[in-house]
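[1] pasting the sequence and the predicted model now:
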Amino acid sequence: MKRSDINRIKREAQDFIASFGAVLPPFADWSPDQMRSSEADNIRERGLGWDITDYGQGRFDELGLFLFTLRNGDVNDLSQGRGMLYAEKLLISREKQLSPMHRHIIKAEDIINRGGGDLIMEIYASDQDGGIDRDNPLVVPSDGCPVTVKPGELMRLKPGQSVTLMPGVWHAFWAEQGDCLIGEVSTVNDDRTDNVFEEPIPRFATIEEDAAPDFLLVSDYG
């Protein structure tokens, strides 16, 4: 992705989020120098902030996702069973923009349609080898009620609706009838190690530095 496009996508995302009355934390407006300072040590360590990816494929409008990590615990606390064991994100899925099929090893998550278009979820169980089970139905909680999803059946989440995905549940999603603002509430999140994609694609974008960054992505933290 070109850095100039990333700068533009971030501005558009801020306007879209604000249109729903949502306000991001102060560090959302920090400059690259502020984000590199010692004041931002915890932000960088926890992977908080802006995340814009085309999964290394160069087709953001077709295959991509916008994310902003609002809060995130420490993965090391999971083994202790105590501490900040949760994370929260805002996501934007553009109309017909695919977030590709993947599963998580550790993370359980609620995916919530916060407004805009419909969120379309394609969901499968894992087979015994961790691959996609395309033969058997899967029962998932949706707003506290069990829902049976048949193989190949698409789950449509209207604004306000949600689905809970446990570790190992394969899922892909996209928006229809308009761009969709998505909330994610989950177990501690580590995007460097906890994503398993059906296709061998990277989680983060490769950046072409054609312009100065207006802000840093979480993948810029190093």
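    Here it is on my side, so go on. Residues are numbered from 1 along each chain as shown.
[2] now do the helices in the protein.
    Remark: helices assigned in the chain by DSSP state H are 3-18, 32-36, 41-46.
[3] any idea what the closest residue to residue 48 other than its chain neighbours is bridged to?
    Of all residues not flanking residue 48 in the chain, residue 69 sits nearest, at 4.9 Å (Cβ to Cβ, 6 or more residues apart in numbering). From N, CA and C alone the C-beta is placed, and that goes for glycine too. Note on residue 69: beta-bridge partners residue 49, residue 89, judged by DSSP bridges.
[4] my guess is residue 69 contacts residue 89. True?
    Yes: using Cβ atoms under 8 Å, residue 69 is in contact with residue 89, at 5.1 Å.
[5] list the residues that contact both of those two?
    By the contact definition Cβ atoms under 8 Å, 6 or more residues apart in numbering, residue 69 and residue 89 are jointly contacted by residue 189.
[6] what about residue 11, neighbour count?
    By the measure other Cβ atoms under 10 Å, the count of residues near residue 11 is 12.
[7] roughly how far apart are it and residue 95?
    19 Å (Cβ to Cβ, to the nearest Å).
[8] picking that back up, what's the pLDDT at the residue nearest to residue 48?
    Note for residue 69: predicted pLDDT of 98.
[9] and the strands in the protein?
    All strands of the chain, identified by DSSP state E, fall at 49-53, 65-72, 86-93, 99-104, 109-126, 132-133, 138-142, 145-149, 154-157, 162-165, 170-187, 195-197.
[10] touching stretch 76-93 from outside, list them.
    Contacts of stretch 76-93 (Cβ under 8 Å, 6+ apart): 13, 16-17, 22, 24, 65-74, 99, 106-107, 114, 119, 173-175, 179-189.
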